[in-house]
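S.K.: What follows is a predicted protein model with its sequence.
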Amino acid sequence: MIALITGASSGIGEELAKKLAEKGFNLILTARRKDRLRQLKEKILETCDVKIKLLSFDLSRKDHCLMLYEHVKNLNIDILINNAGFGLFGRFGETGLDRELEMIDVNIKAVHILTKLFLRDFCGRNYGYILNVSSVAGFMAGPLMATYYASKNYVLQLTRAISQELSHDRINVYVGALCPGPVNTEFNKVAGAEFAVGGAAASDIAEYALEEMFKRKTVIIPKAEIKALAMLAKTVPSKLMLWGTYFAQTARRGDPSEISDGKNI
């Protein structure tokens, strides 16, 4: 059994790799930072007897997404986890355009490309799992992180639509979306934000995600309070939800003007 995880060098991706190794899965781990991947490989091999292949690709580039697929397409991968992604905090008119376009490439285009290519292979053999890491942000609009929230909306809704197509056609391939809330990872540092709301442990999120994935749950929302927030996003009037989201985004340490251009990332 083989699992491919993008963005595996830290956070949820790192913890998913550890959990799958504990279950006996061989791993293909990809991220830009190969030094971090090597450290993770060494750590996993201290306790798990599995095979681990490390690949360094820049998933903001279409050609690298295609190269990744070509590199592994004949390895009979069982699980694809599209975890790579990042955020950016600041007012939309002030954030850096190039950084936002890079975010769209990683958060949307890479997920789209890899999901489509591996889905075709999985459908051909009528087996496989694809887990796309979205966010509770995918249920709402996000003032002060507008592009990030919009990107996670895309991932969530694309995943739900594909899952319905597979169900209708009675194809035994799983496609699901993981939608966590705040998580204690490097995300805030990369986004240029340090929110006052405490985050969940990435290891707990990873464990719950895999449990629900193997139960074939389409939308996976860890923690009761995050499920309640997702429900609120569906039921509360949109203007009120937008106001609440803006207020929540500003309840953070620091001055948004200091990082709105994304230059510290």
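M.R.: It's in. Numbering: from 1, shown residues only.
S.K.: Surely residue 6 touches residue 83?
M.R.: Yes: at 5.4 Å, residue 6 and residue 83 qualify as touching, with contact defined as Cβ atoms under 8 Å. The C-beta positions use only the backbone N, C-alpha and C, and glycine is treated the same way.
S.K.: Overlap in contacts, these two.
M.R.: The overlap between the contact sets of residue 6 and residue 83 (Cβ atoms under 8 Å, 6 or more residues apart in numbering) consists of residue 13.
S.K.: which residues of this structure fall in strands?
M.R.: Taking DSSP state E as the test, the strands found in the chain are 2-6, 26-30, 52-55, 79-82, 129-133, 174-178, 194-195, 219-220, 252-253.
S.K.: Of these, which is nearest residue 89?
M.R.: strand 252-253 (7.9 Å; Cβ to Cβ).
S.K.: By mean pLDDT, flag the weakest helix or strand of this protein.
M.R.: The helix or strand of the chain with the lowest confidence, counting by mean pLDDT, DSSP states H and E, is helix 256-259 at a mean of 34.
S.K.: Break down this protein into its helices, ranges please.
M.R.: Using DSSP state H, the helices of the chain run over residues 11-22, 34-45, 62-72, 97-104, 111-125, 146-168, 187-191, 202-214, 224-235, 238-250, 256-259.
S.K.: Please work out the angle formed by the directions of the fifth one and strand 129-133.
M.R.: If I follow you right, that is helix 111-125. Between helix 111-125 and strand 129-133, the angle comes out at 170 degrees (axes from the mean of the first three to the mean of the last three Cα atoms, to 10 degrees).
S.K.: just the second one next, same as before
M.R.: An angle of 130 degrees separates the directions of helix 34-45 and strand 129-133 when computed by the same axes, to 10 degrees.
S.K.: any idea which of the strands of the chain is most buried?
M.R.: Among the strands of the chain, ranked by average contacts under mean count of other Cβ atoms under 10 Å, first place goes to strand 79-82 (a mean of 27).
S.K.: Other residues contacting that one?
M.R.: 1-6, 13, 16, 20, 25, 110-111, 114-115, 118, 128-133, 155.
S.K.: ok, the closest residue to residue 234 other than its chain neighbours - contacts?
M.R.: Excluding the flanking residues, the one nearest residue 234 by Cβ to Cβ, 6 or more residues apart in numbering is residue 139, at 7.0 Å. Each residue near residue 139 by Cβ under 8 Å, 6+ apart is listed here: 153, 156, 179, 229-230, 233-234.
S.K.: Select, from the residues you listed, the two members most distant in space.
M.R.: Spatial extent of these (Cβ to Cβ) is set by the pair 153 and 229 at 14.7 Å.
S.K.: Looking at the two, which is more packed in?
M.R.: residue 229 (22 against 19; other Cβ atoms under 10 Å).
S.K.: thought that one was touching residue 136?
M.R.: Yes: contact status for residue 229 versus residue 136: in contact at 5.7 Å, counting by Cβ under 8 Å.
S.K.: Residue 143: neighbour count?
M.R.: 18.
S.K.: go on, residue 100?
M.R.: Residue 100: 19 neighbours (other Cβ under 10 Å).
S.K.: rewinding a little: would JSON lines of the strands of the chain with distance to residue 213 be doable?
M.R.: As requested, these are exported to JSON lines (distance: least, Cβ to Cβ, whole Å):
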{"stretch": "strand 2-6", "distance to residue 213": "11"}
{"stretch": "strand 26-30", "distance to residue 213": "16"}
{"stretch": "strand 52-55", "distance to residue 213": "20"}
{"stretch": "strand 79-82", "distance to residue 213": "8"}
{"stretch": "strand 129-133", "distance to residue 213": "5"}
{"stretch": "strand 174-178", "distance to residue 213": "6"}
{"stretch": "strand 194-195", "distance to residue 213": "27"}
{"stretch": "strand 219-220", "distance to residue 213": "7"}
{"stretch": "strand 252-253", "distance to residue 213": "31"}
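S.K.: Tell me which of those strands sits nearest to residue 165.
M.R.: Residue 165 lies closest to strand 174-178 among those, at 8.9 Å (Cβ to Cβ).
S.K.: what distance separates the closest one from the middle of the whole chain?
M.R.: Counting by Cα atoms, centre = their mean, to the nearest Å, strand 174-178 is centred 11 Å from the centre of its parent chain.
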